[in-house]
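In: I'll drop the sequence and a predicted model, then ask my questions.
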Amino acid sequence: MNTEAISLSDQPTLTPELQFNAIFADRSFKRVTLGKLLNKGGAAGKIYQIVGQTDKVAKIFHERQKSNTNRLKLEAMVINNPNIPSVTAGGVEYVQIAWPEAVLEDDEGYCVGYMMPFIDTSAAVSLDHLMQGAVRAKLGLSDKYEYRVMAAYNVALMVASLHKYGHYIIDLKPANVSIYKKTMTVAMFDCDGFSIQGEQARFPAEFVSEEYIYPEGMAQSCDEMGEEQDKFALAVIIFKLLNNGIHPFSGVVKKNADSALSIQERIEQYHYAYGMWGDTYQAPHPYSIHEFLPQSTLKLFDRAFVKGQKRPTAVEWQVELDYLLKNLKHCKKNPNHAYFTNKGCGLCVAEDRLKANLKTIQEKKAEPRKIRGFEIKKLSRESMEHDKWVRMQSEKRAMRVTYFIVMLYSLLMTSLPRIALEYKTTLDELGISLQLVGCIIGFNLLHWLVKKCRKFLVRRIGSSTVNALITYTYCCVATALIVGNDIDWAKLFKAF
């Protein structure tokens, strides 16, 4: 029940007044009058004050059709009351559970609801809000780790007290459990939704929530669920409270995993990554501090989550958490932190990991973002136009240099016969055979250079020009050979 604290002066009185008969466990009854509406309630019913009894409220059901079923269950609850006492701290009384104290019926004998203790919800907060540091900071809750251990102990104590009387919560999850902000004691609502043990029969719960359903329960209905469901869900809550809000079946999925599984699917397949043997599907969460918990605590978690083991009872958790509170050591570096073993403060280690990861993320964000090798900030229209202009200027310079080299090369080839004529004596001494060998080596070198630079040359001057230059080179070299050597060409042609 998400009842919000409402100032009495802000609420309109009901008109006309509604009166019902309150029937107690000893079959006595008295007339009660409903006062101001405190909360429109959830799916089950509305919450009203009771005139003349500031410490009591009435829950009136929305549906009258379930009158007989509701009566039987409520009578079992009134008779089999777990009698969980209130806690007094600083002169203030904190009611721990809104358990039905009397059945309410109208003048026609229909069960319309029940009477229960009033809980000031403004003094409490959902257990969900205690899990994450950011949420605690936003709501002004204490960040002391010791308080979360205390909360875990008090939840275990509440569950153990209910189990003692044969009652099971079934839909046990942090959102359905409230904690008083000052004392870390439990404030439990909507008890009529529990699985209730009556004198002759059991009245089952109607709801259960994923991520807290024990593996065997996936094949069961709420009617079939009992203590094993509570034991599993309680262990999950304790794990989250002790381990920075991390669910025991969450983690970092390994690369060889076939598919992404939901938390409940991981529960069903027993993918618990924080046990003695690890898990094939996933690795522990990087900010987990489970390794810094005592071995006795880790063994209880193994029993709760590893297949084939006997889950610890709420009483066993109560004893273990009491041990943790008595052996808790305060961190010298951070007064909000605490630890249990000589391994030191796991919270400090987790914070250092988080800071290091945040630094890495910030450094990556500072790096230029790229698409296909281009920085995103350089993909603006202005940047692209500027880059285009720069490329065009560079291309023009490359063209000029290419044309200059081609011109020099052509002049060199053109002057080759003249050079051969001037050094005719030297060429005669070398002989035609040696000159031909030099020409062959030169032609091979030329082809190697053309092959290496062909893409560059073709892009600049075209393939036709490249081929023309090669042909021109052959012609110039042949001419140089002719003019540089005294060859009787007439005899040579006759020989052929």
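Out: Right, received. Where do you want to start?
In: I'd like to know which elements the host helix or strand of Ile419 is packed against.
Out: Assigned by DSSP states H and E, Ile419 belongs to helix 381-422. In terms of contacts (3 or more Cβ pairs under 8 Å, 6 or more residues apart in numbering; DSSP states H and E), helix 381-422 is packed against helix 432-461, helix 463-483. Every residue, glycine included, has its C-beta placed from N, CA and C.
In: As TSV, those helices with mean neighbour count would be great.
Out: Shown next, in TSV, are these (neighbours: other Cβ atoms under 10 Å):
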stretch	mean neighbour count
helix 432-461	12
helix 463-483	15
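In: With distance to Pro248 added, can I get the ones you listed in JSON lines?
Out: Formatted as JSON lines, the helices and strands packed on helix 381-422 follow (distance: least, Cβ to Cβ, whole Å):
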{"stretch": "helix 432-461", "distance to Pro248": "61"}
{"stretch": "helix 463-483", "distance to Pro248": "70"}
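In: got these as JSON lines, with mean pLDDT columns?
Out: Below are the helices and strands packed on helix 381-422 laid out as JSON lines (pLDDT from 0 to 100):
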{"stretch": "helix 432-461", "mean pLDDT": "79"}
{"stretch": "helix 463-483", "mean pLDDT": "81"}
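In: right, and these - which one's nearest Asp352?
Out: Asp352 sits nearest to helix 432-461 of all the helices and strands packed on helix 381-422, at 53.5 Å, using Cβ to Cβ.
In: Tell me what angle the closest one forms with helix 381-422.
Out: 160 degrees (axes from the mean of the first three to the mean of the last three Cα atoms, to 10 degrees).
In: chain center to helix 432-461: distance?
Out: 64 Å (Cα atoms, centre = their mean, to the nearest Å).
In: Packing partners of that helix?
Out: When contacts are defined as 3+ Cβ pairs under 8 Å, 6+ apart, helix 432-461 packs onto helix 381-422, helix 463-483.
In: any chance of those helices in CSV, with distance to Val236 too?
Out: Formatted as CSV, the helices and strands packed on helix 432-461 follow (distance: least, Cβ to Cβ, whole Å):
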stretch, distance to Val236
helix 381-422, 53
helix 463-483, 74
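In: Can you report how many residues neighbour Asn83?
Out: The number of residues packed near Asn83 is 9, by other Cβ atoms under 10 Å.
In: typo on my end, Pro215
Out: 17.
In: what's the answer for the one 4 residues further on, then?
Out: Ala219 is surrounded by 8 other residues when neighbours are defined as other Cβ under 10 Å.
In: Distance check, it against Ile213.
Out: 10 Å (Cβ to Cβ, to the nearest Å).
In: Out of the helices and strands packed on helix 381-422, which gets nearest to Tyr168?
Out: Each of the helices and strands packed on helix 381-422 has some distance to Tyr168 by Cβ to Cβ; the shortest is helix 432-461, at 78.9 Å.
In: so after the longest strand seen in the chain, what's the next helix or strand?
Out: Counting residues, the longest strand found in the chain (DSSP state E) is strand 29-39. Later in the chain than strand 29-39, the nearest helix or strand by DSSP H and E is strand 45-50.
In: chain center to that next one, what's the gap?
Out: With Cα atoms, centre = their mean, you get 39 Å for strand 45-50.
In: CA-only coordinates of the helix or strand just after that strand, as CSV, when you get a sec.
Out: Next helix or strand after strand 45-50 toward the C-terminus (DSSP H and E): strand 53-61. The C-alpha atoms that make up strand 53-61 are tabulated as CSV, following Å, rounded to 0.1, in the frame of the first residue of the first chain:
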residue,chain,number,x,y,z
GLN,A,53,-9.2,6.4,17.5
THR,A,54,-6.3,8.2,16.0
ASP,A,55,-4.1,5.1,16.2
LYS,A,56,-6.4,3.0,14.1
VAL,A,57,-7.5,3.1,10.4
ALA,A,58,-10.0,1.2,8.3
LYS,A,59,-9.4,-0.4,4.9
ILE,A,60,-12.6,-0.6,2.9
PHE,A,61,-12.5,-3.0,-0.1
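In: I'd like the average pLDDT over strand 53-61.
Out: What strand 53-61 shows for mean pLDDT is 93.
In: likewise stretch 227-234?
Out: Mean pLDDT, stretch 227-234: 98.
In: neighbouring contacts of it?
Out: 155-156, 159, 163, 168-170, 172-173, 208, 212-217, 304, 311-314, 317 (Cβ atoms under 8 Å, 6 or more residues apart in numbering).
In: go on, stretch 156-170?
Out: 80-82, 84, 96-97, 172, 176-177, 186, 188, 193-197, 202, 204-205, 207-208, 222, 225-227, 229-230, 233-234, 238, 313-315, 317-318, 321.
In: Thank you kindly, that will do.
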